[in-house]
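# coordinates for the following, if possible.
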Amino acid sequence: TSVVVLHSKHLLITRATIEAGSVQEVQVLEHQALEQVALLAAQPLQAGHNYTLSIQYFANLSETFHGFDKSTYRTREGELRVLAATQFEPTAARMAFPCFDEPAFKARFSVKIRREPKHLALSNMPVMKSVNITPWLIEDHFDTTVKMSTYLVAFIVSDFKSISKITSHGVKISVYTVPDKINQAGYALDAAVKLLDFYEDYFSIPYPLPKQDLAAIPDFQSGAMENWGLTTYRESALLYDSEKSSASSKLWITMIIAHELAHQWFGNLVTMEWWNDLWLNEGFAKFMEFMSVSVTHPELRVEDYFLRRCFDAMAVDALNSSHAISTPVEDPAQILEMFDDVSYEKGSCILNMLRDYLTADVFKAGLVQYLQKYSYQNTKNEDLWKSMTNASLICPTVDSDKNELHGDSFCRINQQSSNAHWTKGETLDVRAMMDTWTLQKGFPLVTVTVRGKKVHLQQEHYVKGVDSPSSTGYLWHIPLTYITSKSDTVQRFLMTTKADVIILPEEVDWVKFNMDMNGYYIVHYEDDGWDRLINLLKENHTVISSSDRASLINNIFQLMRIKKVSISKAFDLTLYLKHERQIMPVLQGMNELIPIYRLMERRDTDGTEKHLKEYIVNLFKDLIDKQSWSDEGFVSERLLRQSLLLFACVHRYQPCVDKARGYFTEWQKSNGTLSLPADVKTAVYAVGAQTSEGWDFLLSKYRLHSFSVERHNIELALSLSGSQDKLQWLMDQGLLGDIIKTQDLPHIIVFVAKNPSGYYLPWMFLKENWEKVVEKFGLGSNSLAGIVTGVTSHYSTRSQLAQVKEFFSSLEEKSARLRCVQQAVETIEDNIRWMEGNVEQVKTWLENNHL
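Numbering: from 1, shown residues only. Model prediction:
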């Protein structure tokens, strides 16, 4: 060929040469729309020969959150300092250097960086040597990387400080932060050491680099990024202050570090061939968060929160605009759109289902086989299924001493085939099963009808808002599990047809399918099936697990949305919540009821919304009254306290409001020096922000260094103000990015949208600033999608629907076609249907059921 085509974006190339013995200048052509440059050689390049390409170029540091971008922070004394850091995934390495910017083009990278002596440079590998070029300029030479994709290359030039430890496998781990916050780095360092050790043992593959740095970047769009050897985080995802940080931030930080370190194997060592299979990276990292943290930090009890993410995934997966986990993508905006709940949350849920199906031993053996076989390579969906199928056929032999160490023997040879409990000895075809979950969108609804000893089963595609689903061709291989009133031994059955029948040994009072919601499907109980379960919850809800209770709450409300069960039946089930004490079912009850209240409070429903609010508050009143205003208890108890008190105060439950106001007054008197319990702060701030002077006082604290770990709590409180001017000011400042960092703008907009006083402001704001927001966060980005769906999620009138449609269709085609726009439109349509059909029934039910 005489043409070499590379990716390049916003780079000014001044000269390029090709060398093979002699140096020849080449002509450079740029194709901006494709983000590519072509280098034209005078003589054709010969196949099989080696050529060296040299390119001279310059560029500005990016003002967005991707590429080689500029970030700023203020020191305690108020001095503004600048640093530069990279964020390349998915397609921004081309903004830092010309390259083959696609995941399958793996290469080794050697980096040299020139910097001032007051700065420090970091990259994926350790510094080999530093050369003084002039008294005021130093050149750092970093070791050459292993073979890896461009999106994982990283470098930072800053004045950060660090603390370090060595893992038991000899890897040096360091946490880097701005100098004033290095005292908040200890928790992350200890967690990273434990987690990296866990993964090296679990995967039986050593971490291949000599070091792993974790850096907290002051301006960061997502939560974190898994660059190999130099993971980067937003400050709130890494920094922990044992005095001031809440239990939820400890949980979040631990999970995010677990996620990024899991990527060092899933994603970095073994990478998807193309972005259509992004879930192979993200679904796994999400899933491994739970696997690892439940072992390294058992006190966090992370298994309590797994369900929540499957429910979140189902919320978008139930829409017609959803997509299959593995779905074709071509341009950068489509690639960015893959970073969504389907790739991450649904990906992790179907892996959890597969693990439950194959057994933990076989699943782990399959993972290890997959990682070892494809190290430093790229994979497709089916490569994983092949490894899983192989693992289920053969028991890998593992050095038994090593096994004893982490007490988790792989696959006990004396067992009969691990799947004997699913199938009658047929060979297992993991791919046939998993293709039904990754190559088609949505999830199944299984309808259960009990007739004597016979249980009739039927599956269909669950779609919200489509009266006659066009998806009759959809079929899943569903690993069903169930218990009955007569037996709490979990029974298993693989359903591969549209309809099937199970015969029970004896007649039963009730049957509950999908144990602990390990399967990614929902269940409808025909005839009096729901009544029996509702009765069971009423009489003795602890007979079934708290996960099962949460899943019943979730399922019945999803069924209510498609009119499979009546509103009164769904509400009947919630009555038992008065006696519920566990975090998952309580939060699930709130997650179903509060959005219904939110829809109604914005419409004139002659007082029904007020009755509904009273019902919800009364449901949880005993539990709210029981809460101590402290930081004691397990993490789940602390998280529950934080949610309950905030809920009670925001919904004006008087005892809570009075107590919070008292705390706020004391805190204000002490000029913010009084130490409030971390878990009650959100509620206290929320009440304090209701007065104008309280709001101003909170804002003055928000700007102080000493409150940096509480920024998120204070932002939430400020966004609950009843003053439209204050709400507008918050969004304007978020866009400006000085007082409020622009990275926080997306959730501030969504907070304001939830506030009835700020109902229309975020929509007007989004319309006026659409270009700026797109430029900052990127077309197709998760941040942008969160804003679009968050601002419109409570809309429920035809005129609102028309406005939303009109605005987006007025934009250029790429914006108009975004998946988040379709999601927003479908959600509004669903809300309209709900409001038109159901308000009366809610009203009637509430009149008949006083708590």
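# rest of the way, CA atoms for contacts and neighbours
Will do.
# sec struct for residue 257, please.
Three-state call for residue 257 (DSSP: H, G, I helix; E, B strand; the rest coil): helix.
# is it in contact with residue 190, as I believe?
No. The pair residue 257 and residue 190 fails to qualify as a contact (CA atoms under 8 Å) at a distance of 10.7 Å.
# compare those two (neighbour count), which wins?
Neighbours were tallied for residue 257 and for residue 190 using other CA atoms under 10 Å; the higher tally belongs to residue 257 (28 against 17).
# quick check: closest non-adjacent residue to the more buried one.
If you skip the residues right next to it in sequence, residue 257 has residue 192 as its closest partner in space, 6.5 Å away by CA to CA, 6 or more residues apart in numbering.
# hang on, that neighbour is in a helix, isn't it?
Yes. With the criterion set as three-state DSSP, the secondary structure at residue 192 is a helix.
# could you check how many residues crowd around it?
Residue neighbour count, defined by other CA under 10 Å, stands at 25 for residue 192.
# and it, how far from residue 260?
Residue 192 sits 10 Å away from residue 260, going by CA to CA, to the nearest Å.
# is residue 73 part of a helix or strand, or is it coil?
Reducing the assignment at residue 73 to three states with three-state DSSP gives strand.
# beta partners of it?
residue 81 (DSSP bridges).
# that one against residue 159, yeah?
No. Counting by CA under 8 Å, no contact exists between residue 73 and residue 159, whose distance comes to 11.0 Å.
# returning to what we had before: and the residue nearest to residue 257, how close does it get to residue 780?
Between residue 192 and residue 780 the distance, using CA to CA, works out to 31 Å.
# coming back round to it: contacting residues around the residue nearest to residue 257?
Under the criterion of CA atoms under 8 Å, 6 or more residues apart in numbering, the contact list for residue 192 reads 173, 257-258, 261.
# with distance to residue 306 added, can I get these in JSON lines?
Formatted as JSON lines, the entries for those read as follows, by distance: CA to CA, whole Å:
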{"residue": "173", "distance to residue 306": "28"}
{"residue": "257", "distance to residue 306": "17"}
{"residue": "258", "distance to residue 306": "14"}
{"residue": "261", "distance to residue 306": "19"}
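# widest-spaced pair of those?
Within the contacts of residue 192, two members stand farthest from each other by CA to CA: 173 and 258, at 13.9 Å.
# more neighbours, the two?
residue 258 (28 against 23).
# now that one: closest residue in space, sequence neighbours ignored.
Using CA to CA, 6+ apart and skipping residues adjacent in sequence, the residue nearest residue 258 is residue 289, 5.1 Å away.
# now residue 265
Here the nearest residue to residue 265 in space, its sequence neighbours aside, is residue 371; by CA to CA, 6+ apart that works out to 7.3 Å.
# pull out the buried positions in the host helix or strand of the one you found.
Applying DSSP states H and E as the criterion places residue 371 in helix 360-373. Taking 16 or more other CA atoms under 10 Å as the basis for neighbour counts, the residues of helix 360-373 that come out buried are 360-372.
# next, format the residues you listed as CSV and append pLDDT and distance to residue 741.
Listed next are the buried residues of helix 360-373 as CSV, based on pLDDT from 0 to 100; distance: CA to CA, whole Å:
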residue, pLDDT, distance to residue 741
360, 93, 43
361, 93, 46
362, 94, 46
363, 95, 43
364, 95, 42
365, 95, 45
366, 95, 44
367, 95, 40
368, 95, 41
369, 96, 44
370, 96, 41
371, 96, 39
372, 96, 42
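# want to throw those residues into a markdown table with distance to residue 301?
Converted to a markdown table, these look like this (distance: CA to CA, whole Å):
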| residue | distance to residue 301 |
| --- | --- |
| 360 | 19 |
| 361 | 22 |
| 362 | 24 |
| 363 | 22 |
| 364 | 21 |
| 365 | 25 |
| 366 | 26 |
| 367 | 24 |
| 368 | 25 |
| 369 | 29 |
| 370 | 29 |
| 371 | 28 |
| 372 | 30 |
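# relative to residue 317, how far out is residue 346?
Using CA to CA, one obtains 8 Å as the distance from residue 346 to residue 317.
# quick one, which of these two is more surrounded?
When neighbours are counted by other CA under 10 Å, residue 346 comes out ahead of the other of residue 346 and residue 317, with 32 against 25.
# out of everything not next to it in sequence, what's closest to the more buried one?
residue 313 (5.4 Å).
# hang on, that neighbour in a strand?
No. Residue 313: not assigned to a strand; according to three-state DSSP it is helix.
# so it is in contact with residue 348, correct?
No. Here residue 313 lies out of contact with residue 348, judged by CA under 8 Å, at a distance of 9.8 Å.
# these two: which is more packed in?
Neighbours per residue, other CA under 10 Å: of residue 313 and residue 348, the larger number sits with residue 348, 28 against 23.
# quick one: pLDDT of that one?
Looking at residue 348, its pLDDT reads 96.
# just residue 398 next, same as before
Listed pLDDT for residue 398 reads 40.
# same question for the one 5 residues further on.
Residue 403 carries a pLDDT score of 36 in this model.
# ok, now residue 305?
The model reports residue 305 with a pLDDT of 88.
# tell me who's in contact with it.
Under the criterion of CA under 8 Å, 6+ apart, the contact partners of residue 305 comprise residue 584.
# rewinding a little: what's the closest of the contacts of residue 192 to residue 293?
Distance ranking of those against residue 293, using CA to CA, places residue 258 first at 6.9 Å.
# the closest one contacts residue 295, correct?
No. The pair residue 258 / residue 295 is not scored as a contact, 11.3 Å apart, by CA under 8 Å.
# what about the chain, any weak spots by pLDDT?
Flagging of the chain using pLDDT under 70 yields the residue ranges 394-427, 466-472.
# the domain parsing of this structure - what is it?
59-279, 280-397+429-436, 722-837 (the TED database).
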